[in-house]
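Trainee: fold the following and give me the result.
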Amino acid sequence: MKKFLVSFAAALALLFALGTLGGAAVLRAYPTTYREETLRYYDDWRLVLSLIKAESGFRADATSNVGACGLMQILPSTAAFVAERNEIESYDLYDPQDNIRIGCLYIRYLEERFPDLTAMLAAYNAGEGTVRLWLVNPDLSPDGVRLTGIPYTETARYVKKIEKYYSNYKKIYLTNEGK
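Mentor: Presented below is the predicted three-dimensional model:
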């Protein structure tokens, strides 16, 4: 009975979210493409899909003006670092499976160094060294862990965008289960 009530409550909440946020258009705006692939390498598919949405708009062939590649917009130098660290011999950043694998491993690497979500997302965008400098600045971090200010406008917008997408993914898809 308890499982039924939880499922029923989840279904009602989903219907409310869809009605409030715009139904089918919302589901199209927040697709679950690559959810199962993501779960192979990372436990929160909603966060990874939020990154993919922000980085490439789910375009596996995307390339940025600085050379970041694929769904998660990974720089070749970052991919080489992650591949070496994880003993990955070959990969193609335009292959969704390879890109998600490298990207998820990189997110896990950053999370180990930056337990604060804002700091981790900022590091994904601006770089690990840059965020370390921000964390020692008391105007940007009260405790050296949480990032409360981001001096780069582009990175600040990037983090806010992903946090918004992540919040919406959590509202629309109430559980983080893969199936």
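Trainee: please, where are all the helices along the chain?
Mentor: With helices called from DSSP state H, the chain shows them at 2-21, 24-29, 35-39, 45-56, 76-85, 96-113, 117-126, 128-135, 153-172.
Trainee: could I get those as a markdown table with mean pLDDT and distance to G67?
Mentor: Just so you know, the C-beta spots here come from the backbone N, C-alpha and C atoms, and that holds for glycine as well. Listed next are the helices of the chain as a markdown table, based on pLDDT from 0 to 100; distance: least, C-beta to C-beta, whole Å:
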| stretch | mean pLDDT | distance to G67 |
| --- | --- | --- |
| helix 2-21 | 51 | 35 |
| helix 24-29 | 71 | 28 |
| helix 35-39 | 94 | 23 |
| helix 45-56 | 97 | 13 |
| helix 76-85 | 98 | 7 |
| helix 96-113 | 98 | 14 |
| helix 117-126 | 98 | 15 |
| helix 128-135 | 98 | 18 |
| helix 153-172 | 97 | 16 |
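Trainee: to G70, which of those lies closest?
Mentor: Proximity to G70, assessed across the helices of the chain by C-beta to C-beta, is greatest for helix 96-113 (3.7 Å).
Trainee: compute the distance from the centre of that closest one to the centre of its chain.
Mentor: Here the centre of helix 96-113 is set off from its chain's centre by 10 Å, with C-alpha atoms, centre = their mean, to the nearest Å.
Trainee: buried residues, that helix. List them.
Mentor: 96, 98-107, 109-111 (16 or more other C-beta atoms under 10 Å).
Trainee: repeat that for stretch 139-153.
Mentor: 140-141, 147, 150.
Trainee: what about that stretch, how long is it end to end?
Mentor: This stretch, stretch 139-153, spans 16 Å end to end (C-alpha to C-alpha, to the nearest Å).
Trainee: same thing with stretch 32-47?
Mentor: End to end - C-alpha to C-alpha - stretch 32-47 spans 11 Å.
Trainee: show me the buried residues of stretch 139-153 that map onto strands.
Mentor: Using DSSP state E, the subset of the buried residues of stretch 139-153 located in strands is empty.
Trainee: I'd like those as TSV, with pLDDT and distance to A60 appended.
Mentor: Below are those laid out as TSV (pLDDT from 0 to 100; distance: C-beta to C-beta, whole Å):
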residue	pLDDT	distance to A60
L140	98	35
S141	98	35
L147	97	30
I150	98	29
